[in-house]
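[1] Please work out how this folds:
(one chain, ligands or ions: 2)
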Amino acid sequence: MGKIRTAIGLMSGTSMDGIDVALVRTDGEASVERGPFLGVPYDPAFRDRLKFSLEGAKSILRRKERPGELAAIERELTLRHASAVTQFLDRCGLDRSAIDVVGFHGQTVLHRPDEALTVQLGDGPLLASETGIPIVYDMRANDMVHGGQGAPLVPAYHAALSGTLRDAKLPVCFVNIGGISNLTYIGADGSIVAYDSGPGNTLIDQWVETHAGIPFDQGGMIASEGKIVAELVDLYLESPFFTAEKRRSLDRNDFLPPSGADAELADGARTLAYVAAASIIKSAGHLPVMPTVYIVCGGGRLNRTIMRDLADLAARQNADVISAEVAGFNGDAMEAEAWGYLAVRSLEGLPLTFPGTTGVKEPVSGGILAGP
Ligand SMILES: Nc1ncnc2c1ncn2[C@@H]1O[C@H](COP(=O)(O)OP(=O)(O)OP(=O)(O)O)[C@@H](O)[C@H]1O
Ligand SMILES: CC(=O)N[C@H]1[C@@H]2OC[C@@H](O2)[C@@H](O)[C@@H]1O[C@H](C)C(=O)O
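    Ligands and ions are numbered 1, 2, ... in the order given. Next up is the predicted model:
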């Protein structure tokens, strides 16, 4: 076992709903002890500012450019992360001196893997000076420099967690249904295959926001009252994303919601929930072996319509679908925990990504360390 460090991970994902904060104690390898978790939601006004920043980011050609409002938004985002760390430490009764490192994801505002361009807002040095804790940030860039997709990065953590599974029966497949979905397959021999699997909640969120003025379809209630519009499903599932030879990581805007004329509110939500589930099963077709169990994390596991559809589709292949909680994990905390875990790997110079996870040429480490 290597040196055990206490790390906080900070994740602001593609759903742009808030900052997830989690604590892990780990050596960055097989030893993982999961600690407390806190979700700090964004207020609607800041969420709107983040969505606005996606538009501003479209003109970026070099990843450090911050046109227009982006510099101000980055600063505000970073200060909100500093305040989330303070809240977390207060709630846990911890002093900042108890934390060895913080893994800071920031907010992805542009992701174009074909151009080796990925942009995360988040000022590591500012967060270090505000919190007084060393920060590892910008963890996607080095992967892209070495020919990787820059995402997903959580698979190294999924692999560590698979070693802690009770009655571990490999192969197993972790599925994150966030704004975008991604999956990680751990083979019986411990091999890892991972990639983005398709649209998750962002299409549903945008649909119900536009047509009902609410941020998400709680519990999948709206969807549960609708019917699947088969033509719309086909439009999504026939995307070349699912059949391309090479697995490609996704930008939030690679899949867009339907127009209002395409469906009623409930039918649209129902259809997009089905698309989220079917995308996962369709993408799983690229795995070396079809999984027999899917462990689902991310906010989408709380959408019962997505989960029912996923369970039905998986059952046709004799596979089970269980939530992260049933497997003994916290499905809300997993990505934030992963960023803490990856920060420790970064300090140790261990690889964050592998040819099987991002398509990178060889396993590479990543991240930049900012001292307080
Ligand atoms: N109770 C709920 N019922 C239905 N859906 C929910 C519920 N809670 C959260 N969600 C969905 O989950 C989304 C947030 O999921 P999560 O935090 O896993 O995504 P993210 O981390 O932002 O995205 P990504 O993993 O793509 O970076 C919300 O935007 C919403 O659509
Ligand atoms: C560029 C980017 O931020 N991608 C996210 C996004 O959200 C889900 C999916 O697409 C995943 O590839 C990635 O996040 C997770 C945390 C990852 O890198 O593992």
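[2] What segments of the stretch 51-200 of the chain are helices?
    70-92, 124-131, 141-145, 155-162 (DSSP state H, counting those that start in this stretch).
[3] Same list, these, but as CSV with mean pLDDT and mean neighbour count please.
    Bear in mind the C-beta positions are built from the backbone N, C-alpha and C, glycine included. As requested, the helices of the stretch 51-200 of the chain are exported to CSV (pLDDT from 0 to 100; neighbours: other C-beta atoms under 10 Å):
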stretch, mean pLDDT, mean neighbour count
helix 70-92, 98, 18
helix 124-131, 98, 19
helix 141-145, 98, 21
helix 155-162, 96, 24
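[4] got those helices as TSV, with distance to ligand 2 columns?
    Below are those laid out as TSV (distance: least, C-beta to the nearest ligand atom, whole Å):
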stretch	distance to ligand 2
helix 70-92	14
helix 124-131	16
helix 141-145	10
helix 155-162	7
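[5] Can you convert these into a markdown table and add a column each for distance to residue 217?
    Below are those laid out as a markdown table (distance: least, C-beta to C-beta, whole Å):
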| stretch | distance to residue 217 |
| --- | --- |
| helix 70-92 | 26 |
| helix 124-131 | 33 |
| helix 141-145 | 33 |
| helix 155-162 | 27 |
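[6] Minimum distance to residue 27: which of those has it?
    helix 155-162 (9.7 Å; C-beta to C-beta).
[7] Please state the offset of the closest one from the chain centre?
    14 Å (C-alpha atoms, centre = their mean, to the nearest Å).
[8] hmm, that helix touching ligand 1?
    No - judged by C-beta under 6 Å from any ligand atom, helix 155-162 stays clear of ligand 1, getting no closer than 12.9 Å.
[9] contacting residues around that helix?
    Helix 155-162 has contacts (C-beta atoms under 8 Å, 6 or more residues apart in numbering) with 26, 29-30, 32, 168, 170, 172, 174, 184, 186, 190, 192, 194, 329, 334, 337-338, 341-342, 345, 351-354, 357.
[10] and what of stretch 259-272?
    199, 203-204, 207-208, 210-212, 217, 220, 222-229, 232-233, 257-258, 305.
[11] Which positions in it come out as buried?
    263, 265, 266, 267, 268, 269, 270, 271, 272 (16 or more other C-beta atoms under 10 Å).
[12] Not counting sequence-adjacent ones, nearest residue to the fourth one?
    Yep, that's residue 267 we're talking about. residue 226 (4.1 Å; C-beta to C-beta, 6 or more residues apart in numbering).
[13] residues contacting that neighbour?
    263, 264, 265, 266, 267, 268, 269, 270, 271.
[14] Quick check: it is in a helix.
    No - read with DSSP: H, G, I helix; E, B strand; the rest coil, residue 226 is coil and lies in no helix.
[15] Residue 6 contacts residue 102, doesn't it?
    No - between residue 6 and residue 102 there is no contact under C-beta atoms under 8 Å: 10.3 Å.
[16] how about the contacts of residue 226 in CSV, adding distance to ligand 1 and secondary structure?
    Formatted as CSV, those follow (distance: C-beta to the nearest ligand atom, whole Å; DSSP: H, G, I helix; E, B strand; the rest coil):
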residue, distance to ligand 1, secondary structure
263, 18, coil
264, 19, coil
265, 15, helix
266, 15, helix
267, 18, helix
268, 14, helix
269, 10, helix
270, 13, helix
271, 15, helix
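[17] So of the residues you listed, which two are at opposite extremes in space?
    265 and 271 (11.0 Å).
[18] Report the separation between the closest residue to ligand 1 within the stretch 101-250 of the chain and residue 132.
    Nearest residue of the stretch 101-250 of the chain to ligand 1 (C-beta to the nearest ligand atom) works out as residue 178 at 1.9 Å. For residue 178, the distance to residue 132 equals 30 Å [C-beta to C-beta, to the nearest Å].
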